[in-house]
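Colleague: heads up, no residue letters with this:
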DNA sequence: ACTCAAAACAAACGTTTGTTTTATTATTAA
DNA sequence: TTAATAATAAAACAAACGTTTGTTTTGAGT
């Protein structure tokens, strides 16, 4: 569904003569930086996180940070990319997509998406909040990936409508609403802490399905 | 339902001897500042909007801004307050709340909330994005108001469940999901521009109601 | 005409920002 | 070993930030 991983646009692929070992170290450091920085972005927000904060958190010297990333925006771009690859892979990797029966298929994909989104709620919240900071070129890539995620559900729903297993007035709208509902906890956890993870997932799944599958009482 | 308008905490009520006319001018200026600043916050984000930007947009001298507001955060607080008062008043002012029949009541309140939220989508988006910047003390006030908005729907749903007009597993959860669904367009308009306002409102209303009212096919 | 406080203004304050540079030390490859 | 490379710490950089200052202009009340 997705073509080969597109490189983050900002990065200058400075692949000068590096031994494999060096490349490995370089990559590991970069991953570490992005991971720690993401945590800070989640906790304090992108603008409120300084490069000096990131240097402290990673233990890497401020000036030396710029050997691994080309700038602050770069870190955010990579973080967005990582998360989106993650969620798409998780959902797609299992053969759920080959399930024939519409209801079972929808339920399976939905449940998996719900669980992942719940566990990565902080990352998702950051993405909703900080999208504005992304460079234009990179924003397009992210929105395209998001569109593919919606399309995944749209297709499932459309097929189900054909076979009269589902009933919705517009599969594209239904898919958008569904994807949005999936992110309920990420965006409103402050008002939903009273539920356990399983309680919450069950109720959310039920509510979402009732809008698509008839006779779901 | 809400007590008398709470003053924004940051503001020092410098009600020294001012003629009514002067007070009027002062208030008008303040409203104007908040309005223009909100537009900037919506367009560029709070952190990315400088006091100099606001000075330019309002035509008020940078230093002089501080005669009307006590700081940048103050503007954001007032903006949050204004929006929340607005949406709560709009929803409550009409006597919809006195409708007896659960379905009709839910539909009426829901429709009105949907329309307002659609029209103020930009403000709502800003609130979701910039909540983090709010001072703790003020955040509590806002969350309380939000809670009241959810409670409004929770009560309606709970009553409907009693009379078996509605069927949901948990009225509190249902109300939260409903309020969240209302903000669909605000948070995902970039993927929903193909629909007209009325198309969108109709579909959203239908989808929301199907999760609450049985036999809504 | 005089008074005085509010309003307006430009300039500057002190910080913090992202980023670059420098000089020194440690690590690694040939 | 030796020469290149990477890592460190510290300082420097220009730009931008929110806020305050000192001074001037304005306008209504006496």
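Modeller: All right, it came through fine. All values reported here derive from a predicted model rather than from experimental measurement. Numbering: from 1, shown residues only, chains lettered A, B, ... in the order given.
Colleague: Distance of residue A:110 relative to residue B:108?
Modeller: Distance of residue A:110 to residue B:108, given as C-beta to C-beta, to the nearest Å: 31 Å. The way it works is simple: take the backbone N, C-alpha and C, and place the C-beta from them, glycine included.
Colleague: ok, these two, which is more surrounded?
Modeller: The neighbour comparison of residue A:110 against residue B:108 (other C-beta atoms under 10 Å in any protein chain shown) goes to residue A:110, with 22 against 18.
Colleague: buried set for the strand or helix carrying the more buried one?
Modeller: Secondary structure from DSSP states H and E places residue A:110 in helix A:102-119. Using 16 or more other C-beta atoms under 10 Å in any protein chain shown as the test for burial, helix A:102-119 gives A:102-103, A:105-110, A:112-114, A:116-118.
Colleague: for stretch A:165-177, same thing?
Modeller: By 16+ other C-beta under 10 Å, the buried positions in stretch A:165-177 come out as A:165-166, A:168, A:170-177.
Colleague: Tell me the confidence at residue A:50?
Modeller: pLDDT recorded at residue A:50 is 93.
Colleague: How about the spatially most central residue of chain A, nearest residue that isn't a chain neighbour?
Modeller: Nearest to the geometric centre of chain A sits residue A:84, at 3.7 Å (C-alpha atoms, centre = their mean). Nearest in space to residue A:84, with sequence neighbours left out and distances taken as C-beta to C-beta, 6 or more residues apart in numbering or on different chains, is residue A:145 at 4.7 Å.
Colleague: Around the one you found, how many other residues sit close by?
Modeller: The number of residues packed near residue A:145 is 18, by other C-beta under 10 Å.
Colleague: helix, strand or coil for it?
Modeller: At residue A:145 the chain is in helix, as set by DSSP: H, G, I helix; E, B strand; the rest coil.
Colleague: rewinding a little: and the residue nearest to the centre of chain A, what element?
Modeller: Per DSSP H and E: helix A:72-93 holds residue A:84.
Colleague: Now do the buried residues in that helix.
Modeller: Here helix A:72-93 shows A:72-84, A:87-88, A:90-92 as buried, counting by 16+ other C-beta under 10 Å.
Colleague: what does stretch A:140-160 give?
Modeller: Of the residues in stretch A:140-160, those buried (16+ other C-beta under 10 Å) are A:141-142, A:145-146, A:149-150, A:152-154, A:156-160.
Colleague: And the contacts of that stretch?
Modeller: A:1-2, A:6, A:9, A:80-81, A:84, A:87-88, A:91-92, A:102-103, A:105-106, A:109-110, A:131, A:134, A:166, A:168, A:171-172, A:174-176, A:178-179, A:212, B:190-191 (C-beta atoms under 8 Å, 6 or more residues apart in numbering or on different chains).
Colleague: Quick check: mean pLDDT of it?
Modeller: On average, the pLDDT along stretch A:140-160 is 95.
Colleague: thinking again about what came up before, near DNA strand D, list only the ones from the contacts of stretch A:140-160.
Modeller: Filtering these for proximity to DNA strand D by C-beta under 7 Å from any atom of the strand leaves nothing.
Colleague: Pull up the distance across stretch A:91-105, start to finish.
Modeller: End-to-end distance for stretch A:91-105: 12 Å, by C-alpha to C-alpha, to the nearest Å.
Colleague: what sits up against that stretch?
Modeller: Contacts to stretch A:91-105, defined as C-beta under 8 Å, 6+ apart, come from residues A:1, A:108-109, A:112-113, A:116, A:149, A:152, A:156, A:159-160, A:163, A:165-166, A:213.
Colleague: any idea how far it is from the chain center?
Modeller: How far stretch A:91-105 lies from its chain's middle: 20 Å, per C-alpha atoms, centre = their mean, to the nearest Å.
Colleague: Please apply the same query to stretch A:134-142.
Modeller: Centre to centre, stretch against its chain (C-alpha atoms, centre = their mean), the figure for stretch A:134-142 is 15 Å.
Colleague: repeat for stretch A:204-217
Modeller: Its chain's C-alpha centre and that of stretch A:204-217 lie 24 Å apart, by C-alpha atoms, centre = their mean.
Colleague: Run through the residues that contact residue A:34.
Modeller: A:69, A:75, A:78-79, A:82.
Colleague: if I look at it, how far off is DNA strand C?
Modeller: Applying C-beta to the nearest atom of the strand, to the nearest Å, the value for residue A:34 to DNA strand C is 14 Å.
Colleague: what angle do the helix or strand harbouring that residue and helix A:72-93 make?
Modeller: For residue A:34, the host element (DSSP H and E) is helix A:20-44. Between helix A:20-44 and helix A:72-93, the angle comes out at 100 degrees (axes from the mean of the first three to the mean of the last three C-alpha atoms, to 10 degrees).
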